[in-house]
Structure formats: structure tokens, C-alpha cells
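1. please find the sequence and the predicted model below.
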Amino acid sequence: MNENLFRLINDLGKHHTYLNPVFIFIAEYMVVFLALAVLIFWFTRVYKNRIMVICSSITFVIAEFFGKIAGKIHSNHQPFAELTNVNQLIEKAVDNSFPSDHTILFFSFCVTFCLFRGARGSFWIVLALLVGISRIWVGVHYPADILVGALISIGSALIVIRIFPKLGMVNRLLGIYEKGESYFLPLKKDNYQG
């Protein structure tokens, strides 16, 4: 089933070659967009955005940890290394592709953004799904690699959102950082909603 679903998605690139540049861009370079979004959210200097970025980062670390454990329990190489006639559109070293680190990264941040932003955050879920599908489209991950990475990240995000924003330590550390930051970037009190 995993291989059949992989073929279904990956073969679309053979039949709809005009879409390949779009999926290559999403698979390879959307990470730059995510990094810029994180920086923009952080430097809006709004308390809620900063807590969101902190929670997203913690979610990623936790999800990556559990992803590494999952990778020890089950292992498989990328589809282009195991199967014939794969439409491989990007270069990637052969290693354990289970679960997808790319998916863990995107779902960790995007799910957390969505949970913080409510209905306005649905864009982030669509983006994470597109990145996951693109990794199959370009031939570097199986659907199970994506699904497990997404589930680990979603579970981690739900736990982090419930715990970390309420921790006094997080707020104290953020306060210390912001005090230091204010020496370089003065902040008007009426612009900050903590």
C-alpha cells in the first residue's frame, strides 16, 4: 500500500511535467520561506508571536527526538534507492528516510502556528501538506515517511501548546532576552502586548 500510494503520487510528475518545477521548489526551497516567516513573527516583537515561535522550536526538538527513535525502530532508504523507475527530481544522499525530517520540521512549526492562530492559521496546515506531498512527488520519501513525521509533530505540538506557554521559566527567559534586545532595538511600551 505504501509503495502503491508512492507510485500514484510520484507518477503524476511523469504525466504532468509542467508541475515538476513547482513541486521541486516546494520540496527544496519552501524551508527558506518558513525560516523567513519565523524571523518575521519573532521580530514583530509581539508577545503571542514570540511564544508561538518558542513553542514551535520546542515542538521541533521534541518531534525530531521521537523521529530519531522511530528511525531506530524502523528503517528504509529513499524510494529512488529501493525502487526502479522512480521519478527522482532532486538529489539526495541515500540514508534512512523514515520518518521524514523535512516533514517533522514543517509540521512542527506549521501545526503550532495553526494552533496559535486559529482559523487564520489554516494556511500553515496547507503549506505543511504541500511540502509533504512534494517530497513524495520528487521521489525522496514514501507516504509512510511523511505520515509518521506528521503524526509525531502533531502529537508533539499538542503537548507543547498545553504545557510551555504556562511555564513561568519560559516567560522569565523571554523577559531576560527582551531586556537585552531593548538595548539594541528600543521598544515602545504601547507596541508590546505581553
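-> Perfect, I can see it now.

2. distance-wise, check Y142 relative to C110.
-> From Y142 across to C110, the span is 21 Å (Cβ to Cβ, to the nearest Å). (Glycine included, C-beta is placed from N, CA and C.)

3. report the separation between the residue nearest to the spatial centre of the chain and L173.
-> Geometric centre of the chain, nearest residue: F106, 1.0 Å, by Cα atoms, centre = their mean. From F106 across to L173, the span is 26 Å (Cβ to Cβ).

4. W137 now?
-> 40 Å.

5. between those two, who's got more neighbours?
-> Counted by other Cβ atoms under 10 Å, W137 and L173 do not tie: W137 has more neighbours, with 27 against 12.

6. please name the nearest non-neighbouring residue to the more buried one.
-> Closest residue to W137 apart from its sequence neighbours, by Cβ to Cβ, 6 or more residues apart in numbering: F23 at 4.3 Å.

7. which ones are touching I54?
-> F164, V170, L174 (Cβ atoms under 8 Å, 6 or more residues apart in numbering).

8. ok, N2 next?
-> Each residue near N2 by Cβ under 8 Å, 6+ apart is listed here: Y142, P143, A144.

9. one more pass at 10 Å, please.
-> For N2, the contacting residues are N76, P79, Y142, P143, A144, D145, L147, by Cβ atoms under 10 Å, 6 or more residues apart in numbering.

10. closest to V126 among these?
-> Here the nearest of those to V126, counting by Cβ to Cβ, is L147; it sits at 16.8 Å.

11. can you count the residues close to that closest one?
-> 17.

12. element containing it, please.
-> Element membership of L147 [criterion: DSSP states H and E] is helix 143-163.

13. and the pLDDT at the closest residue to A144 other than its chain neighbours?
-> In this structure, A144 finds its nearest non-sequential neighbour in N2, 4.7 Å apart by Cβ to Cβ, 6+ apart. pLDDT for N2: 89.

14. now V38. Nearest residue, chain neighbours left out?
-> Computed as Cβ to Cβ, 6+ apart, the closest residue to V38 that is not its neighbour in sequence is V53, at 5.7 Å.

15. helix or strand: which one has the nearest residue to L127 once chain neighbours are set aside?
-> Distance criterion Cβ to Cβ, 6+ apart; nearest residue to L127, sequence neighbours excluded, is C110 at 5.7 Å. Using DSSP H and E, C110 sits within helix 101-117.

16. quick one: that helix to helix 143-163, angle?
-> With axes from the mean of the first three to the mean of the last three Cα atoms, to 10 degrees applied, the angle from helix 101-117 to helix 143-163 works out at 40 degrees.
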